[in-house]
Every structure is written in structure tokens, then in C-alpha cells.
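Novice: Whatever this is, show me its structure:
(2 chains)
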Protein chains: 2
Amino acid sequence: MTTLPSPATKSLDGTGVARGIRAEVAADAVELNLAGTTPRLALVVATDHGSSAWYVRQIARAASAAGLLCDVIDLGPEAGPEQIRSALSRLSADPAVHGIMLQTPLPAGADFGELAGAIDPAKDVDGANPVSQGRLAAGLPAHPPATAAAVLALLDHCEIPLLGRSCVVVGHSNVVGRPVAQLLLRRDATVTVCHRHTEDLEAYTRTADVLVVAVGRPGLITAGHVGRDAVVIDVGTTPTPDGGLAGDVDHAAVDGRVRVLSPVPGGVGPVTTAQLLRHTVRSAAALGGGR
Amino acid sequence: MTTLPSPATKSLDGTGVARGIRAEVAADAVELNLAGTTPRLALVVATDHGSSAWYVRQIARAASAAGLLCDVIDLGPEAGPEQIRSALSRLSADPAVHGIMLQTPLPAGADFGELAGAIDPAKDVDGANPVSQGRLAAGLPAHPPATAAAVLALLDHCEIPLLGRSCVVVGHSNVVGRPVAQLLLRRDATVTVCHRHTEDLEAYTRTADVLVVAVGRPGLITAGHVGRDAVVIDVGTTPTPDGGLAGDVDHAAVDGRVRVLSPVPGGVGPVTTAQLLRHTVRSAAALGGGR
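Specialist: Model (predicted):
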């Protein structure tokens, strides 16, 4: 039995990319501070899910380290839609706040899209307000969701060409799949969106130059799903029993088969947090110290 | 030389589908009139393009025939963005108006997305305001652009299954390609968006169960681009020297090769107009007689 030499798979260093973005954010924050504006991010939380608490702590720490103020408004898992909406409206009207993020999951009966409509689009640093999504689709200035922006930031960091290329997005959530597809389309990629109803998923993913997977099903993508030269961005983050995180891609199975692979953890995750801070300093710069 | 028997290609009867929608609209308009509200559509025009004038006349006639009021606000091809915006704002504030459409093309220097932001989303019957696009993407109630809605209405009329099927959209304009892709995705189709930068277009289109072409290049899609069982919706409308309209599909070349084909003219066009009226009566019903 002969073993063919495996092509080397390059693992993307999300932590390194995130570090670069945070350094840039910190420099911008210094400038804004000198001009009299301290960028301030507000996180509205209405859940007691463990992974949410972990994510919120990550953001708060990264914000502090980069010279941003970060407020966590924890309304508790019993908060009603009206309470969440009024918190978002109050923060939208507060001139000291430049970025607002509504953490998921929400309590039963609360609709994310409806509530996110209460976030001032100018402060909508996680692209949650449908207005931001619409402006993005129309090619007008708006913040995309931080995760979607992180996927593009990783691809750009590695100088992956997108124009005309076949990009396949697996997952069509409002939070990741659809906005990633939208951003790829704005870069003139040929974009296919697959999801749980797609018949013969492999037929689509195998021909992808760039494959972005955002489903939340560990092991969904295995060796048979990927082409030899593919760039694979794994956005899945399913908590594992041992307290870790599992992506949607079976990394052991595709390693050596694809050209580039974004790991979990250490891929999209840290870049997402950094991207949220980047959006916040941009909003602070646009809103200015006056408000 | 043997000639294989061609499978019969069914030609979609857009005129018939439009007639059905208009009859439904007329019945709704009678009810609204009895309740004291006459549905009223306002068309804002700032161009002297011949095909625009023709389309505006078609809409105005169809509106009258269905019992709707229709105002054409013709600002002329020299209108500035501020003048257009102020007309849209005035109509948005006018309680007698239930639907507003901004006709394209616009004068140089006027941005469609920016201006359409001045249309009250509740009256945005052609889904032009980025807010409507965002709400649509987020799965919230909103009117899609009439042309995109017409594509879906035609597919639904023929009971074409979409769930999980391969739908390929050629063209990624904000007005047709993207919103059609969005609507197909909401129906859980597997959606690929191709455009002028797509490498090897045929490879994508040939495998499509449903192929929607909205580019504006007559003859773009020929026999080699289509699969045997495809449903092909031609959205192209390029004026021809003899005063007619040409689609993007070479109908003579694909006839007998595909299962269903939507003709130009007589396909998406009349359904688009009918769909605009349908959106207007729906808006009138939602806004009520009080405003």
C-alpha cells in the first residue's frame, strides 16, 4: 500500500489575526480618547446560558485591554421583550454609548429581529438590526454581524481571492450564513447557500474554492465534502462535555486534504470579538464626542 | 440523421397568472372601498426613458382597471436628489397614499438605495427601502420588490417544489437577483447566485432545477446552459429595435430542452405589475382608512 504525500494544510491563526485587529483598535481608541471620546460598548444580556456568559466575559476583557469601556447590562433570563427593548432604546439614546450588542439566546417569546430594531443603526456594531442587514444588502454603509465580518477578515488576511470564485456557505441563519453570503456576494464571488434541506450536500461543498460552515453540528463536514484546494472556514462552536468547543468540520479527516483550514477554537472566534471592538471604535469615530 | 423526440416545453402564461392576481386585487379593492378606503398608489418618476414611460402607463392602467387610484408624480429627468426625496417624504406622510414606487432609472447623482430610504416601509410596495430588504432577510413582514415577488408567484402558480432544490439565480442586482435569492432561501431552496464574474457559468446553470435569469443580456442563456428538467424563468427585458422586448434566454435554442420556460414578453412582466397592485391593496388594508 502506497501512501501519497499529503499536501500540507495551512491552519489559520485566528488568534494572531485577532491580535493584529486589537492592536489597531487600541491605537484608534488612544486617538479617540485624546480627542475626548472614550469608545463605549454596551452588551445587553437576558440569558443565563453558560457559553453566553463566557463570550460576554471575553468581550469585556478584550474591550478593557484595548482601551474601550464596556458595560454589561444583565437583565436576567426572566426579562420580558418590553424590558429588553427599553434597555436597547435607552442605550441608543445615550450619547456616551457608541456600540450596542444584544446577546443571544433570548428568553422565550422574544424575537431577535424585532428587538434588534430598537438598536440605533449607527451603534449596531453586531449588525443585528434588520436596517443594518438591508443597508448591507443595498451596498450602503452598515456594520455586518461581527462573526460574518470575522470570516471575511480571515479570508482577507490570507489574501484568498474571492472575485468569481465558487464560495459555498453551509447554514442559512440570519446571524451568520445569510450575512456571510451577502458579504461574499458584495465581493463578486459566486455564492451558494446550502442548509439542512439541501439534497446531496457533498456535491456542492466538494467543488467549493472557499467553504464556510456555520451550522452547529460537529463532524458534519468530513473528507468526502472537501476539494483538494479548498479554503475551509469552520464557524461552528458547539460546547463539548469537557468544556471545550467543537467546530462543524472533522478536522482530523480533512487535514492534509485541503489547502487552508480555520481551526476551532482559535479561528473565527477570537476574530469575532476583535471585530466587534473594531466596529465600536468606528462607530465612536463616526458619532464623535458630541453625542 | 435521427431526430430524438423533444420533450415538450411548457410555456408559462404570465398574462394568465397576472389576470388571476388582478381579479383578486379588484375584489380586495371593492371591499376596501366599501370600508371607506380607496387604495392609492403613487409612482414617482424622474426620467424620460421610453421604456419607463411605457411601464408607468401599464401600471396606471392596470391600477384603474382594478379599482385603485394611481398618481404619477413626474419630476422630470432634471430633478435633483433633494426634490425626489422630498416628494417621497410627502407621499409617505400623506394618509391617502398606501403605496409608493420610485421608478428607475434615476438622474445622475441620485442613489436609489439612499432615496428609497425616504419611503415609509409600510407603503414600500416595491421593496425599495433598504429597511424592507433587511426585514425580508430577517424573516420579518415586508414587501419584496415586485419583480422578485412575481418570480415566486409564477413558480408557485406552477407548483414548482423549491424546498431543498437547486435554484440558480444569474444576476446579483439589488432590484432582482439578490431579492429573488433571498425569497428562494426563505423557501429553503439551495440557492446559488451567479453574475458577470462567475467563472464557467454553464457548470452552475446546467445543474439547476430552477434557473432564474435577470441580467439584461439577450441570448446569454443557450442550449448548453440548461438541464433537461429545468424550470427557466427569464426576467430579462431588453428593448429591441422593432419596439419589442428580448429576454436573456435564447428561447428558440432551449425550447424542447427544458421542462418549463417563462417567455418574454408575457412571463414575469405582467405578473410584476399585478404584484405591485397586490402589495398596494395589502398596504391599504394594513394602514386602514384612518390614515
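
Novice: how would you label A:Val168: helix, strand or coil?
Specialist: Assigned with DSSP: H, G, I helix; E, B strand; the rest coil, A:Val168 falls in the strand class.

Novice: quick one: low-confidence ranges for the stretch 1-150 of chain A?
Specialist: Scanning the stretch 1-150 of chain A for pLDDT under 70 picks out A:1-7.

Novice: which residue ranges form the strands in it?
Specialist: In the stretch 1-150 of chain A, the strands defined using DSSP state E, counting those that start in this stretch lie at A:10-11, A:40-45, A:69-74, A:99-102.

Novice: Against which helices or strands is the second one packed?
Specialist: Identification of packing neighbours for strand A:40-45 by 3 or more CB pairs under 8 Å, 6 or more residues apart in numbering or on different chains; DSSP states H and E yields helix A:50-65, strand A:69-74, helix A:81-93, strand A:99-102, helix A:268-287. (C-beta placed from N, C-alpha, C; glycine too.)

Novice: what's the most buried one of the strands of the stretch 1-150 of chain A?
Specialist: Per-stretch averages of neighbours, counted by mean count of other CB atoms under 10 Å in any protein chain shown, single out strand A:99-102 among these, with a mean of 28.

Novice: what are the pairing partners of that one, and which direction each?
Specialist: Taking DSSP bridges as the criterion, strand A:99-102 pairs within the sheet with strand A:40-45 (parallel).

Novice: nearest residue to the closest residue to chain B within the stretch 101-250 of chain A other than its sequence neighbours?
Specialist: Nearest residue of the stretch 101-250 of chain A to chain B, counting by CB to the nearest CB: A:Gly134, 2.6 Å away. Distances taken as CB to CB, 6 or more residues apart in numbering or on different chains put B:Gly134 closest to A:Gly134, at 2.6 Å, once the chain neighbours are dropped.

Novice: My read is that that neighbour contacts A:Gly127, right?
Specialist: No. With contact taken as CB atoms under 8 Å, B:Gly134 and A:Gly127 are classed as non-touching, separated by 9.8 Å.

Novice: Overlap in contacts, these two.
Specialist: Contact with both B:Gly134 and A:Gly127 is made by residues A:133, A:136, according to CB atoms under 8 Å, 6 or more residues apart in numbering or on different chains.

Novice: Return the residues of the stretch 101-250 of chain A in contact with chain B.
Specialist: Proximity of the stretch 101-250 of chain A to chain B is assessed by CB under 8 Å from any CB of the partner chain, with A:113-114, A:129-140, A:163-166, A:172, A:174, A:178, A:181-182, A:185, A:188-195, A:197-199, A:204 identified as the residues in range.

Novice: Mind checking which of those are buried?
Specialist: Listed as buried from these are A:113, A:129-138, A:140, A:164-166, A:172, A:174, A:178, A:181-182, A:185, A:188-195, A:198, A:204; burial here means 16 or more other CB atoms under 10 Å in any protein chain shown.

Novice: Which of these fall within helices?
Specialist: The members of those that map onto helices under DSSP state H are A:113, A:130-137, A:178, A:181-182, A:185, A:204.

Novice: give me every residue that touches the residue of the stretch 101-250 of chain A closest to chain B.
Specialist: By CB under 8 Å, 6+ apart, A:Gly134 lies in contact with B:129-137.

Novice: Of those residues, which pair is most distant in space?
Specialist: The span of the contacts of A:Gly134, defined through CB to CB, is set by B:Asn129 and B:Ala137 at 12.9 Å.

Novice: ok so, going back, who wins for proximity to A:Ala148 among the helices and strands packed on strand A:40-45?
Specialist: A:Ala148 lies closest to helix A:268-287 among those, at 9.0 Å (CB to CB).

Novice: Only the buried residues of that closest one, if you could.
Specialist: Within helix A:268-287, the residues scored as buried using 16+ other CB under 10 Å are A:268-285, A:287.

Novice: among those, which are within reach of chain B?
Specialist: Contacts with chain B within the buried residues of helix A:268-287, as defined by CB under 8 Å from any CB: none are present.

Novice: show me where pLDDT drops low in the stretch 151-291 of chain A?
Specialist: Counting by pLDDT under 70, the stretch 151-291 of chain A shows low-confidence ranges at A:289-291.

Novice: Strands of that one, start to end?
Specialist: Read by DSSP E, counting those that start in this stretch, the stretch 151-291 of chain A holds these strands, from start to end of the chain: A:166-170, A:190-194, A:210-213, A:231-234, A:238-239, A:245-246, A:260-262.

Novice: quick one, the second one and strand B:166-170 angle?
Specialist: Just to be clear, that refers to strand A:190-194. Orientation note: strand A:190-194 sits at an angle of 150 degrees relative to strand B:166-170 (axes from the mean of the first three to the mean of the last three CA atoms, to 10 degrees).

Novice: Redo the contacts of A:Gly134 as a markdown table? Include distance to B:Ala246.
Specialist: A markdown table is the format used below for the contacts of A:Gly134 (distance: CB to CB, whole Å):
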| residue | distance to B:Ala246 |
| --- | --- |
| B:Asn129 | 31 |
| B:Pro130 | 31 |
| B:Val131 | 34 |
| B:Ser132 | 30 |
| B:Gln133 | 28 |
| B:Gly134 | 34 |
| B:Arg135 | 34 |
| B:Leu136 | 29 |
| B:Ala137 | 32 |
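
Novice: nearest to A:Asp234, of those residues?
Specialist: For these, the nearest to A:Asp234 is B:Ala137 (23.7 Å; CB to CB).

Novice: nearest residue to the closest one other than its sequence neighbours?
Specialist: With CB to CB, 6+ apart as the criterion, B:Ala137 has its nearest non-adjacent residue at 4.8 Å, and that residue is A:Gln133.

Novice: List the contacts of the one you found.
Specialist: A:Gln133 makes contact with A:127, A:142, A:174, A:178-179, A:182, B:133-134, B:137-138, according to CB under 8 Å, 6+ apart.

Novice: let's see 10 Å
Specialist: A:113, A:116, A:124, A:127, A:142, A:144-145, A:174, A:178-179, A:182, B:130-131, B:133-138 (CB atoms under 10 Å, 6 or more residues apart in numbering or on different chains).

Novice: Distance from the chain centre to stretch A:63-78, please.
Specialist: Stretch A:63-78 has its C-alpha centroid displaced from the chain centroid by 18 Å (CA atoms, centre = their mean, to the nearest Å).

Novice: A:Gly67 is in contact with A:Val30, correct?
Specialist: Yes. In this structure, A:Val30 is within contact of A:Gly67 by CB atoms under 10 Å, at 6.3 Å.

Novice: Which one's more surrounded, the two?
Specialist: Neighbour tally, A:Val30 and A:Gly67, criterion other CB atoms under 10 Å in any protein chain shown: the higher count belongs to A:Gly67, 18 against 12.

Novice: how about the more buried one, phi and psi?
Specialist: Its backbone dihedrals place A:Gly67 at phi 90, psi 20, with angles given as degrees, to the nearest 10.

Novice: Setting the sequence-adjacent residues aside, check what's closest to it.
Specialist: With CB to CB, 6+ apart as the measure, A:Ala29 is the residue that lies nearest to A:Gly67, at 3.8 Å, once sequence neighbours are left out.

Novice: Burial check on the one you found, number of neighbours?
Specialist: What A:Ala29 shows, counting by other CB under 10 Å, is a neighbour count of 24.

Novice: quick one: it from B:His143, how far?
Specialist: A:Ala29 is 42 Å from B:His143, where distance means CB to CB, to the nearest Å.

Novice: Kindly report the same for A:Val193.
Specialist: Here A:Val193 is placed at a distance of 22 Å from B:His143 (CB to CB).

Novice: swap in A:Gly76?
Specialist: Computed as CB to CB, the A:Gly76 to B:His143 distance reads 37 Å.

Novice: Endpoints of stretch A:222-233, how far apart?
Specialist: In stretch A:222-233, first residue to last residue: 13 Å (CA to CA, to the nearest Å).

Novice: mind listing what's buried in that stretch?
Specialist: Across stretch A:222-233, burial judged by 16+ other CB under 10 Å covers A:225-227, A:230-233.
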